[in-house]
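Student: Predicted model and sequence below, questions to follow.
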Amino acid sequence: MKIANYNKTTGKLLGWYSPEINGIYVPEVPAVLNMDGTVKTKAIPAYYDTSKIPKPNIEVSDADWQTAIDNGYNYVNATKKTLSKKDFRTLTELQTAKISELTAAYSAANETDIAYMNTTFQASSKSQGLI
């Protein structure tokens, strides 16, 4: 089992924790018996105290944790207790990225050589300037 800590407002995954690494080991407490052999207090099995792991958090199976790591999941749906990938960029960041992508595609297309009637014409910036 792993524990996913996330931002309560955005659902953004903040970090992974493991009870075996980040928890506090609490050893087993054996049962206490009365003089007549009856159980006075029940035994408490050993466990990891995870109360110091940052909250909010959800428990995730090792298989789901591995899937999240393999796929770059960065979003926690706390209601459904699921993990997925979400784009947290702002509208301005998305617009800037799209403009850069379109500019690069335009430049690449604009500088591609032109084939016409078994002849290839150079389409560099310099040759375009000469035209």
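Tutor: In hand now; what should we look at? Numbering: from 1, shown residues only.

Student: Could you use CA atoms for every contact and neighbour count after this?
Tutor: Fine.

Student: Report the buried residues of stretch 90-98.
Tutor: Along stretch 90-98, no position meets the burial threshold by neighbour count (16 or more other C-alpha atoms under 10 Å).

Student: what's the answer for stretch 53-62, then?
Tutor: In terms of neighbour count (16+ other C-alpha under 10 Å), stretch 53-62 has its buried residues at 53, 57, 59, 60.

Student: That one: how far from the chain's middle?
Tutor: 13 Å (C-alpha atoms, centre = their mean, to the nearest Å).

Student: what are the C-alpha coordinates of it, in PDB please?
Tutor: C-alpha atoms of stretch 53-62 as PDB (Å, rounded to 0.1, in the frame of the first residue of the first chain):
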ATOM      1  CA  ILE A  53       1.900  11.600   6.900                       C
ATOM      2  CA  PRO A  54       0.600  14.900   5.400                       C
ATOM      3  CA  LYS A  55      -3.200  15.200   4.900                       C
ATOM      4  CA  PRO A  56      -5.300  15.200   2.900                       C
ATOM      5  CA  ASN A  57      -4.300  11.800   1.600                       C
ATOM      6  CA  ILE A  58      -5.800   8.600   0.200                       C
ATOM      7  CA  GLU A  59      -4.500   5.000   0.400                       C
ATOM      8  CA  VAL A  60      -3.600   3.400  -2.900                       C
ATOM      9  CA  SER A  61      -2.900  -0.200  -3.700                       C
ATOM     10  CA  ASP A  62       0.700  -1.100  -4.900                       C
END
